[in-house]
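> Give the three-dimensional model of this entry:
(chains A, B, C, D and E, ligands or ions: 4)
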Amino acid sequence: QTTYNIAGLADFTGPFADVMKDMTGCRKGVLDWWSDEVGKAQGVALRVKEYDTRYDVAQVASLWPGIKSELDPVAILGIGGSDAAALQQRLPNDKVPQVLATAGYGFAWKSDSWVFNARATYPHEAAAFYTWLQKKSGSNAPIKVGVISSEVSPAYVDIHKGIEKFAKDNPKILEVVETVYTEAQPTDLTQQVNRLIRKGANVLQVFNNTASVVATRRALQSLGKTNIPIVMSAHNGLISSGKALGGLEQMEGNYEVYGMAMPTEDPTTARAFFEKLRTKYKAQVSYTSACIMGMSQGLIVARAFEQAVKIKGIKDVKGEDVRAALLSTPMSSERSFGVLPNIQYSKDAPFPTEGMAVNIGTVEKGHYKLLEQSVPVPLLSKW
Amino acid sequence: MDPAGVFATSFAQDQALVRTRSQAVTLGLFVLFMFALPWIADARSVAVMTSMLITAVVVTGLQINTGLAGQINLGQAAFMGAGAYATALLATKGSMPLWIALPIGGVCAAAFGLVFGLAAVRIKGFYLALTTIAAQILFHFMVLNLPAAWMGGSNGITVEPARLFGWVLDTDAGVYYLCLVVACIMIAGAYGVARSRHGRIFAAVRDDDVASGMMGINVVRTKALAFLLGAFYAGIGGGLWAYYVRFVSIDQFTLIHSIWFIAMVIVGGMGSVTGALIGVFVIRFAQEFFTSVGPSLVENFSFLSGDLVFAALNIFLGGIIAGFLIFEPRGLMHRWNILKRSYRMWPYPY
Amino acid sequence: MTAITSVNPDGVVLSARNLLLQFGGIVALNDVSIEVRKDELLAIIGPNGAGKSSLMNCLSGFYRPKKGDITLGGLSVRNMAVHEVASQGLARTFQGTHIFSGMTVVENLMVGRHMHMRSNLAQSFLYFGAARREEVVHREVVEEIIEFLEIEAIRHTPVGSLGYGLRKRVDLGRALAQDPLILLMDEPMAGMNAEEKEDLARFILDVREAKRIPVVLVEHDMGVVMDLADRIAVLDFGRKIAEGTPKEIQANPAVMKAYLGEGGQ
Amino acid sequence: MSDFLNYLVNGALSGLLYALIAMGFVVIYRASKVFNFAQGELVVFGGYMVWWTVIQMGMPVWIGLPVAFASAAIFGLMIERIFFARLVGESVFSMVMVTIGLLILIRGIVLVLFGPQVRAFPIIFPLEPVILGDMVISRSLLYGGSLTIVIGLGLSWFFNRTRVGLTMTAVAEDHQVAMSMGISVQRSIAFAWMLGAVLSTLGAMVHLSGRSINMMSSDIGLAALPVALLAGLESLAGLLLAGLLVGVIQGLASAYLDPLVGGALGSVFPFIIMLLMLLIRPTGMFGWKTIERV
Amino acid sequence: MLELNNVEVLYSDVILAVKGISAKVPAGQCVTLLGANGAGKSTTLKAISNLIKTEDGRVTAGAITFDGVDIAGGNPAAQVQRGLVHVMEGRKVLRHMTVEQNLVVGGHMGNGRDAKELLDEVYGRIKRLAALRNRTAGYLSGGEQQLLVIGRALMARPKLVMIDEPSLGLAPLMVEEVYGLLSELKASGLTLLIVEQNTRVALELADYGYVMESGRVVLEGPSVSLKSNEDVREFYLGLTVDGERKSFRDMKHYRRRKRWLG
Ligand SMILES: Nc1ncnc2c1ncn2[C@@H]1O[C@H](COP(=O)(O)OP(=O)(O)OP(=O)(O)O)[C@@H](O)[C@H]1O
Ligand SMILES: Nc1ncnc2c1ncn2[C@@H]1O[C@H](COP(=O)(O)OP(=O)(O)OP(=O)(O)O)[C@@H](O)[C@H]1O
Ligand SMILES: [Mg+2]
Ligand SMILES: [Mg+2]
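Ligands and ions are numbered 1, 2, ... in the order given. Model (predicted):
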């Protein structure tokens, strides 16, 4: 059995340390599963080695050349912005593709990329949600959103810039009443939220972090306006925010949206796959959106590698072969056990631009619920 | 103190940095080793050394400003960022060659530093140190909120590889040599400044700014100059950084980076260029050591999970810095000097 | 070398007229005038808090008097910044020690040479060439002063670890390195024993004789003052209460009462 | 108009929260002359102690909080024992730099002890706001603000009027002189860190009550910095005023200016005010002026 | 009361500043320590009060006993507790605090109940301070600051006070005032150890004196005999052999070169 290496970039001590255990556990689980059930038959195995980068560009930059010479990996499993920033310029020379766990960023929206995201960008996903929400409301009036964001990280700014662009291009669907800026750990958002509501916001978008969701929710509670929903993303979604609020019932009626499976308790194929990773492959993880992020990037890499082996044989598979497979071969939703929708990469963007769909989750009567599946992502131009 | 038997016979000799033949040989071998590194060492060492060289330029600037001129500066990463952004803009939007973009990047950072240098005229001590944090905050705010066309906003700036006389420096070794040559020039310059007129008045202003004024030193100008020079170094380092990572964004230049820079100056020893270099080496080495030990630990001991191991390594890193400060609060350079002195005095203890 | 080489026809190098200086409610100097002529040693005495140091600080530009004028070599320096006054040719030593303790003796003296040096930052950066040549030239001047003050053995010692007396001597050397037109000394002999005072006195006399630099000396040791001074001005509560030759001052009852006490030394 | 009042009052109250956090800086400075860069980390540690006692151990609040305060104090004492006890007599500068090492160290400790997850912070102050006409005031900020005023004035009295407080003030003047008078600099520093840790815990309580906590919560330390500098590092009562000023300006700026510029001007404003104020008064509004006599 | 036996002090592990000195301060007496700059006088005092700890120095040999107890090493605070107070060189007032606050801090070891009495007692002894009580100490004149630091030492109810150069930078009248105060203190039974450069006044007050030179005691004796010692007369009092005061104008250039650099 020929073993190929995958480099794992992780953030155990930086800003995303809270989700790292599930994410890295799941992506390792996927590779273990693949090696055992798919690769063994072909005579190949995939092995991941995790490095802590603290989500620091400097650390990634000085670490990577060493990883490359030590592991000679066929692919990189990254987390997000810092990994893309540090490596996107040099990967074309190193000829190693990188697959990120997060949704895409505006800054990385470049053609002919060696960095890939499992999902479209955050604004894409949000736009899909608003389009759906408007349809559901049955009215022609645009959805009025109050955005709560932060300048702590440029990625957050990137997100609200994108959604503002969407609103500008689609005034019939969406209107941003105001973007409120907070600290990483907001003190009290009552005044700000009150202002957004009085400006007519009928939904609040909080895509930055869990602490902001908690503060926003508390503000709504103290204003007695819990009927106004919050929409979140995968990294600060309902379950983790609910935990931070002391219970999932606190998140009643809010939404989360992203283009992957949602961590419901229903017996989905994704869930079954997860259970297998946990029991058979001893992944010490729980079923959260972070875990699903890890599974999705693991699956993308594993399936692309599988394809590359098919083409190249088990010897001498290189990073560029994996990338070629990524670009040439679509991955159907079945092949990812429903963890991801159908995925087809092109050279236009680092994320699948066509046929993308998102799922929408909510909390109903204290229980997590998948509300809508395969909501199509509308067109969104670069911002 | 010189080793016994070495006497300066001219004033120029008295000033020289390299005083003995063995020192000269050591220095020569060291430089040779640095140039041979990409051939004799693995990719990881070259990468680490490249980042050390860039850090060394930035920290040498900080040493001039903080160690020599006595102004604690917690904004060095912001100055570095200013240089990185300026170089990146010149290189991409202005299509300027390396040898123009890099120095101008330094000058832009110096101009940014000058603003705080002028504040340093009135504000002193901790107040100044904490004020320079504002540089960090303001820089962050400016980049994000100026029109994206100016400084890239939240998108950052992608940089093409450095080009010099037809070479494209897009390999690890190419970037390494670029950093090595620039670092050599900058560090040699720092030694030059430190031992001539300007370095002396920096130190004079640090030791006693009242007396300095009465020696005919323009204290205002000197302090501003120290900030300017320190920021210039940061800017050059930032420019190298831009060519090294080829993508600059605001989260590469944060307060925590500035804090690490200061930590390097402290561990190495305040006031000496050599100390700054030692500090950079020791701290970056410790950082890299821990980041490379972690993965192997996780891999080989399956009962250790990543989150625990890496967090625990952070404790070690913090402990190492605190430990250095406790046992050698005046820096490694100080310890070295004492060692040297007692070695030369041996066998007489004092 | 200094910017101004001419002095007034009557030989006045430094003059202060009708200085008034206040700190909040305290009047530190009240209508004080002094003149220092060529080749002269003027001593200023007075009880603690009389305003002697304040006067020195006004002369060197560190305090800005509320009223009055100060001229150095015929040029008004009242509105100049401290470093400008210094480069007009005024050097001073300090009460207590204001020495650059992190530097060696040579470096301290080289700082004194600073305003005669011309190399710019770029030349310093390159070092080899202009900056180094200049270093050597000025180092020679400094070496002369080191020899003059007999501190050869400690030239490379960090000043921070020197005893008080030697620090004072370095302080003097640093002022001399400035090549000044006039030298102000604030209590140079405080904290010295008789032997050390004698040595310092000898240097002060040498400075006057060999270098022909007029000196303003603030000192509490009456022996020193009476022996060295050509003229003495007495301050009390910010006012000048007497001025004259040592003999006159010693016989002045007001001075007796305010400063010297019954015995008067 | 009612909007304006709302921003004013709530701005003022969050300003008082900043003042409470800044009090941690100042108390440590005032009793040891050490500027603590790890203040935000101290807040996080205190916050986690509260989380640990009340949520993890399930203690009732009236037992949990005292236990948390006591543990924070012990933590402060440990910091002194392990680090500063060895540095007595070294320059203040070295001590300050140790706090930078401490910053990295505490982060590691918190990660290992409590993990990186975002945790629910107990609800210490009732969630329902106080509603006065059109005004909606958060209870944690209101109670916290009142507490801050009481503590600020109390500590100010302690340090300026009582013998023990003056003794510690002497340490902030000059370690060596204090020692020559038989003052135990070490004890003063220990007390400073204990008090600083307890105040930080209190700050965490007000800041985080009913919200969430993880390592990122340490950012409040940075946000409180302009308040400490504006007041001057020696002044405790001055903190209240500086806090109010910063809070109000920040509140109004983020309400009226942020939408205009489309950026987080509100959080930059305090730093700009601080910079301008320091250019006018280099030691803050109420800090000790440097006494320079030549 | 205080006894030094062969004490050696080392700075930074390399500079041996005090090379084995022995001295005695009997109770109720005033002893003075004389010597040139850098002789190690201040170092000796700091060794006794243990303040050398703060300057990277330590006692490497010898014994220091106070009231029969060995007190070398340890905490400076313990020394004050024992009634041994060190008034440092250079009038180290707490500059930003008022005169009264300075005194209150000086008395911090007391039980607090008699603090008021103690204050009044010090104000009674040093009348000038009473009028200055609310002034910021940093802005006082030199003499006033010197009185303040002595007053502050008294607040600790000391048995022995060590004073480093009390006359430094003081005008003649002020020197008289300070020494007047010291002799009153001595008369009231306080033991004094005074380091001085102003040999004349110091020997006037002291009962016994030691002369230090480069870290060693080179001469000791009752002050009467020291006053008549030739070397002391020449080097420390500045008198000629026959008791005349030499003029500073008449210094010769070749004198005693060797002494300068020790
Ligand atoms: N910067 C200042 N701020 C406030 N008051 C000052 C300042 N400088 C000096 N003074 C006051 O001015 C008066 C004169 O002080 P100055 O230092 O000139 O006296 P002096 O004659 O030099 O005394 P000494 O012999 O003690 O050195 C004193 O009352 C002093 O307190
Ligand atoms: N902190 C220190 N570190 C190193 N050496 C020191 C230190 N303090 C003093 N010395 C050295 O110790 C020797 C004795 O110094 P000390 O201060 O005791 O002298 P002194 O007799 O009090 O002189 P002065 O009359 O000048 O006060 C000197 O040579 C001095 O250089
Ligand atoms: Mg004076
Ligand atoms: Mg002394």
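
> Show the contacting residues for residue 161.
Unless you meant another one, I'm taking chain A. A:106, A:383, B:153-154 (C-beta atoms under 8 Å, 6 or more residues apart in numbering or on different chains). For the C-beta atoms, the positions are set from N, CA and C on the backbone; glycine is no exception.

> um, chain C though
Contact partners of residue C:161, counting by C-beta under 8 Å, 6+ apart, are E:11, E:15.

> Most neighbours of all the contacts of residue A:161, which one?
residue B:154 (27 neighbours; other C-beta atoms under 10 Å in any protein chain shown).

> what comes up buried for stretch A:94-107?
A:94, A:96-107 (16 or more other C-beta atoms under 10 Å in any protein chain shown).

> Please flag which of the residues you listed sit within strands.
Counting by DSSP state E, the part of these found in strands is A:98-100.

> Spatially nearest residue to residue 83, not counting backbone neighbours?
Just going to use chain A. Counting by C-beta to C-beta, 6 or more residues apart in numbering or on different chains, the nearest residue to residue A:83 once its immediate chain neighbours are dropped is residue A:9, at 4.9 Å.

> wrong one, I was asking about chain E
Per C-beta to C-beta, 6+ apart, closest to residue E:83 is residue E:159, 3.5 Å.

> And for that neighbour, the neighbour number?
When neighbours are defined as other C-beta under 10 Å, residue E:159 has 18 of them.

> For it, give me phi and psi.
Note on residue E:159: its backbone torsions stand at phi -100, psi -30 [degrees, to the nearest 10].

> Next one: it relative to ligand 4, how far apart?
Applying C-beta to the ion, to the nearest Å, the value for residue E:159 to ligand 4 is 23 Å.

> Please tell me how far residue C:184 sits from residue B:155.
61 Å (C-beta to C-beta, to the nearest Å).

> more neighbours, the two?
Between residue C:184 and residue B:155, counted using other C-beta under 10 Å, the more crowded position is residue C:184 (26 against 20).

> and the more buried one, what pLDDT?
Residue C:184 is assigned 94 on the pLDDT scale.

> tell me which element it is part of?
Assigned by DSSP states H and E, residue C:184 belongs to strand C:182-186.

> Toward the C-terminus from that strand, list the very next helix or strand.
Using DSSP H and E, the helix or strand that follows strand C:182-186 towards the C-terminus is helix C:194-211.

> Give me the below-cutoff pLDDT ranges for the stretch 151-300 of chain A.
Scanning the stretch 151-300 of chain A for pLDDT under 70 picks out no residues.

> What segments of it are strands?
Secondary structure of the stretch 151-300 of chain A (DSSP state E, counting those that start in this stretch): strands at A:174-182, A:203-206, A:230-232, A:255-258.

> Out of those, which is the most enclosed?
Highest mean neighbour count among the strands of the stretch 151-300 of chain A (mean count of other C-beta atoms under 10 Å in any protein chain shown): strand A:255-258, with a mean of 28.

> Can I get that one as CSV, trimmed to CA atoms?
The C-alpha trace of strand A:255-258 is given here as CSV (Å, rounded to 0.1, in the frame of the first residue of the first chain):
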residue,chain,number,x,y,z
TYR,A,255,-31.6,30.6,10.9
GLU,A,256,-28.4,29.4,9.7
VAL,A,257,-27.4,29.0,6.1
TYR,A,258,-24.6,27.3,4.2
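
> How about the contacts made by residue 88?
With no chain named, the answer covers chain A. Here residue A:88 is in contact with A:98, A:108, A:110, A:113-115, B:158, B:247 (C-beta under 8 Å, 6+ apart).

> The chain in question should be chain D.
By C-beta under 8 Å, 6+ apart, the contact set of residue D:88 is D:175, D:185-186, D:189, E:53-54.

> hmm, try it at 7 Å
D:185-186 (C-beta atoms under 7 Å, 6 or more residues apart in numbering or on different chains).

> For residue C:153, see how far away residue C:143 is.
13 Å.

> now residue E:145, nearest residue through space, not along the chain?
According to C-beta to C-beta, 6+ apart, the nearest residue to residue E:145 is residue E:91 (4.1 Å).

> tally of neighbours for that neighbour?
For residue E:91, using other C-beta under 10 Å, the count is 24.

> can you check residue C:260 too?
Neighbour tally, residue C:260, other C-beta under 10 Å: 20.

> Count the neighbours of the residue lying closest to it once chain neighbours are set aside for me.
Nearest residue to residue C:260 in three dimensions, chain neighbours excluded: residue E:172, at 5.7 Å (C-beta to C-beta, 6+ apart). Neighbourhood size, residue E:172 [other C-beta under 10 Å]: 20.

> ok so, going back, next up, the contacts around the residue nearest to residue A:83.
Residue A:9 neighbours (C-beta under 7 Å, 6+ apart): A:51, A:53, A:60, A:76-79, A:83.

> With pLDDT as extra columns, can I get those in CSV?
Formatted as CSV, the contacts of residue A:9 follow (pLDDT from 0 to 100):
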residue, pLDDT
A:51, 90
A:53, 88
A:60, 90
A:76, 95
A:77, 95
A:78, 93
A:79, 90
A:83, 89
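
> Out of these, who's the most crowded?
Neighbour counts for these, by other C-beta under 10 Å, peak at residue A:76, which reaches 30 neighbours.

> any chance you could read off phi and psi for that residue?
Residue torsions, per degrees, to the nearest 10, at residue A:76 are phi -120, psi 140.

> these two touch, right, it and residue A:98?
Yes. At 3.9 Å, residue A:76 counts as touching residue A:98 under the criterion of C-beta atoms under 7 Å.

> contacting residues for residue C:68?
C:16-20.

> cool, and residue D:243?
D:15-16, D:18-19, D:22, D:227.

> And the helices in the chain?
You didn't pick a chain, so chain A it is. Using DSSP state H, the helices of chain A run over residues A:17-34, A:40-42, A:57-71, A:81-87, A:91-94, A:122-137, A:154-169, A:190-198, A:210-223, A:238-245, A:269-279, A:289-312, A:319-328.

> That was the other one, I meant chain E.
Using DSSP H, helices in chain E cover E:41-49, E:76-81, E:99-106, E:115-125, E:127-132, E:142-154, E:172-187, E:199-205, E:223-228, E:230-231, E:257-261.
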